[in-house]
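Colleague: Model the structure of this input:
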Amino acid sequence: MAEAMAKKLGKGKVRAWSAGLFPLGWIASGTHIVMEENAFFLDGQWSKSLKDVKIEQMDIVVEMGHEVFCPLPEGFKARLIEWEIPDPYGAALDDYRKARDLIEEHVTRLLAEIKTPTSP
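Modeller: The predicted structure is shown next:
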């Protein structure tokens with residue numbers, strides 16, 4: 001959810017990847033349903049492992065949930081943010097909606113904080 005939101009709401013000013021410790025390899029149907037309700041589309045996305053993304057090249061890493069620990073590379077100096085977003089996997093659509101809305105609030109706030117370089 002966060003990847004799609006950051007890409008759309010960031011309007012090309014940020015690059016975003018979502019990954020986890022135990023990826024399914026696919027995105028749950030509940031996620032697709034609630035994201036499309038708010039015009040966020042997951043085309044080209046899949047559930048990725050942390051091994052599939054280059055954490056060492058990121059400026060910001062967000063840990064999304066309860067007791068989630070992202071193993072950061074040695075010497076990682078970027079910003080680590082912790083959000084408490086309940087994982088809705090396997091729950092009712094209303095739980096997916098609550099997670100979506102929380103993530104959207106956090107992503108919107110974070111994007112407002114990010115300063116993008118200005119052109120000379």
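Colleague: Where does pLDDT dip in the chain?
Modeller: Residues of the chain meeting the criterion pLDDT under 70: 66, 115-120.
Colleague: May I ask you to name the longest helix in it?
Modeller: If you go by DSSP state H, the chain has its longest helix at helix 93-113.
Colleague: Now Asp59: closest residue in space that isn't a chain neighbour?
Modeller: Spatially, and ignoring its direct neighbours in sequence, Asp59 is nearest to Ala78 (5.1 Å; C-beta to C-beta, 6 or more residues apart in numbering). Heads up, the C-betas are built off the backbone N, CA and C, glycines and all.
Colleague: what about stretch 29-49, start to end distance?
Modeller: 19 Å (C-alpha to C-alpha, to the nearest Å).
Colleague: swap in stretch 5-19?
Modeller: Note: stretch 5-19 ends 14 Å apart using C-alpha to C-alpha.
Colleague: re the thing from before, other SSEs contacting the longest helix of the chain?
Modeller: helix 2-9, helix 29-37, strand 60-63 (3 or more C-beta pairs under 8 Å, 6 or more residues apart in numbering; DSSP states H and E).
Colleague: Just name the most buried of the ones you listed.
Modeller: helix 2-9 (a mean of 20; mean count of other C-beta atoms under 10 Å).
Colleague: What are the contacting residues of that helix?
Modeller: Residues outside helix 2-9 that contact it (C-beta atoms under 8 Å, 6 or more residues apart in numbering) are 14-18, 35, 40-42, 45, 62, 64, 103-104, 106-108, 110-111.
Colleague: circling back to that earlier point, and the residue nearest to Asp59, how many residues sit next to it?
Modeller: Residues near Ala78, counting by other C-beta atoms under 10 Å, number 13.
Colleague: Next up, the contacts around Val34.
Modeller: So Val34 contacts 93, 96-97, 100 (C-beta under 8 Å, 6+ apart).
Colleague: so which of those comes closest to Gln57?
Modeller: Gln57 lies nearest to Arg100 out of the contacts of Val34, by C-beta to C-beta, at 27.4 Å.
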